[in-house]
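Trainee: here's my sequence, what's the structure:
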Amino acid sequence: MPRTRTPVVAGWFAGDGDDFRLLGTRCSACASVFFPREDAHCRNPACPGGALEEAPLSRRGRVWSYTDSRYRPPSPYVTDPELPWEPYTLIAVELAAERLVVLGQAVPGVTVADLAVGMEVEVVPGVLHEDAETIWTTWQWRPTGVAA
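Mentor: Residues are numbered from 1 along each chain as shown. Okay, the predicted model is just below:
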């Protein structure tokens, strides 16, 4: 039986390959962009409020900061102690057009040694976890010029 591909968070990203995009929202009154998306009200305290519309975010940005996660999180975070811990790299990416920073994992194989503040990265589809029934999909950041 084929496994189901399920987004980790519905409505935060869409597409595949070159069409893959993070989905934020833009306020019609002040043009502020939000990610994670905001569907209730404008989070800009200086805004009188406006309609919020879905806004696909830029596919490319620049590394603003980065770090790695080498250790299993302590309690109260839930992790399966039966599964081996897989270190991963986190990247905070500045999207200039949207004037915001988005956090996400790097693609597998990219470590902090491969990154530098200011380098260009692009958002790509990724897998957060797989089990017998489901492939849990997410977004990841990949340095531009690195093959998929």
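Trainee: run a quick neighbour tally on Ala106.
Mentor: Residues lying near Ala106 (other Cβ atoms under 10 Å) number 24. C-beta: built from backbone N, CA, C; applies to glycine.
Trainee: can you pull the contacts of Gly61?
Mentor: Contact analysis of Gly61 by Cβ atoms under 8 Å, 6 or more residues apart in numbering lists 93-96, 102, 120-123.
Trainee: at 7 Å instead, please
Mentor: Applying Cβ atoms under 7 Å, 6 or more residues apart in numbering, we find Gly61 in contact with 93-96, 121.
Trainee: among these, which are located in strands?
Mentor: Per DSSP state E, strands hold the following members of those: 93-95, 121.
Trainee: buried subset of the contacts of Gly61?
Mentor: Applying a neighbour-count criterion of 16 or more other Cβ atoms under 10 Å, the buried members of these are 93-95, 121.
Trainee: closest to Ser28 out of the residues you listed?
Mentor: Here the nearest of these to Ser28, counting by Cβ to Cβ, is Leu95; it sits at 19.5 Å.
Trainee: per-residue pLDDT, that closest one?
Mentor: pLDDT recorded at Leu95 is 98.
Trainee: that one contacts Val102, correct?
Mentor: Yes. When contacts are counted by Cβ atoms under 7 Å, Leu95 is listed as touching Val102 (6.2 Å).
Trainee: give me the common contacts of these two.
Mentor: By Cβ under 7 Å, 6+ apart, no residue touches both Leu95 and Val102.
Trainee: noted, bye for now.
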